[in-house]
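>>> Quick one: sequence plus predicted model below, questions after.
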Amino acid sequence: MLRTALNGVGVLANLSVDMIADLRTACDEAFDLLTHQPRSAENITLLCQMQNKILTVRLSAQRANDFQACVPSDPEVANLIIGTLVTDVHLHADSCGIYSVSMSLSAAAS
């Protein structure tokens, strides 16, 4: 469902087919990162916003309330992969790992 929603967002933002594919791949990586953290994700929320011809996509995890030993996973590889597919990427973390990934790309390049 995430990939279908991103396809629609890409069309609305007038992105090229290649840019949509890159955005979908970047979100696949972000989803994988969010679901492989010390505290399991109960829900993943997708938020898309277009402002000044910049499309910003944010995936956020609502974490389980159960208590676990929180040892953050190393997000460096995912950050590098996502960064090659979109213009800007930010990983939001706390002591229990990554809970949100924001990425942007220019819709004007389509």
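That came through, no problem. Numbers count the residues shown, from 1 in each chain.

>>> C-alpha only now, for contacts and for neighbours.
Fine.

>>> which residues of the chain fall in helices?
2-12, 17-34, 76-85 (DSSP state H).

>>> between the first one and helix 17-34, how big is the angle?
What that stands for is helix 2-12. 140 degrees (axes from the mean of the first three to the mean of the last three Cα atoms, to 10 degrees).

>>> Helix 2-12 packs against which elements?
Judged by 3 or more Cα pairs under 8 Å, 6 or more residues apart in numbering; DSSP states H and E, the packing partners of helix 2-12 are helix 17-34.

>>> Work out the gap between the helix it packs on and the centre of the chain.
With Cα atoms, centre = their mean, to the nearest Å as the basis, helix 17-34 stands 7 Å off its chain's centre.

>>> hang on, the earlier thing: give me whichever of the helices of the chain is most buried.
helix 17-34 (a mean of 19; mean count of other Cα atoms under 10 Å).

>>> Who are the packing partners of that one?
Counting by 3+ Cα pairs under 8 Å, 6+ apart, helix 17-34 packs on helix 2-12, strand 54-63, helix 76-85, strand 97-106.

>>> closest to Gly97 out of the helices of the chain?
helix 17-34 (8.7 Å; Cα to Cα).

>>> Output the closest one as PDB, nothing but the C-alphas.
Extracted in PDB, the C-alpha atoms of helix 17-34 (Å, rounded to 0.1, in the frame of the first residue of the first chain):
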ATOM      1  CA  VAL A  17       8.900   7.800 -13.700                       C
ATOM      2  CA  ASP A  18      12.500   7.400 -12.600                       C
ATOM      3  CA  MET A  19      12.100   9.900  -9.800                       C
ATOM      4  CA  ILE A  20       9.000   8.000  -8.600                       C
ATOM      5  CA  ALA A  21      10.900   4.700  -8.700                       C
ATOM      6  CA  ASP A  22      13.700   6.300  -6.600                       C
ATOM      7  CA  LEU A  23      11.300   7.700  -4.100                       C
ATOM      8  CA  ARG A  24       9.600   4.300  -3.700                       C
ATOM      9  CA  THR A  25      13.000   2.600  -3.200                       C
ATOM     10  CA  ALA A  26      14.100   5.200  -0.700                       C
ATOM     11  CA  CYS A  27      10.800   4.600   1.200                       C
ATOM     12  CA  ASP A  28      11.300   0.900   1.100                       C
ATOM     13  CA  GLU A  29      14.700   1.400   2.800                       C
ATOM     14  CA  ALA A  30      13.200   3.800   5.400                       C
ATOM     15  CA  PHE A  31      10.300   1.300   6.100                       C
ATOM     16  CA  ASP A  32      12.900  -1.500   6.600                       C
ATOM     17  CA  LEU A  33      14.900   0.700   8.900                       C
ATOM     18  CA  LEU A  34      11.900   1.700  11.000                       C
END
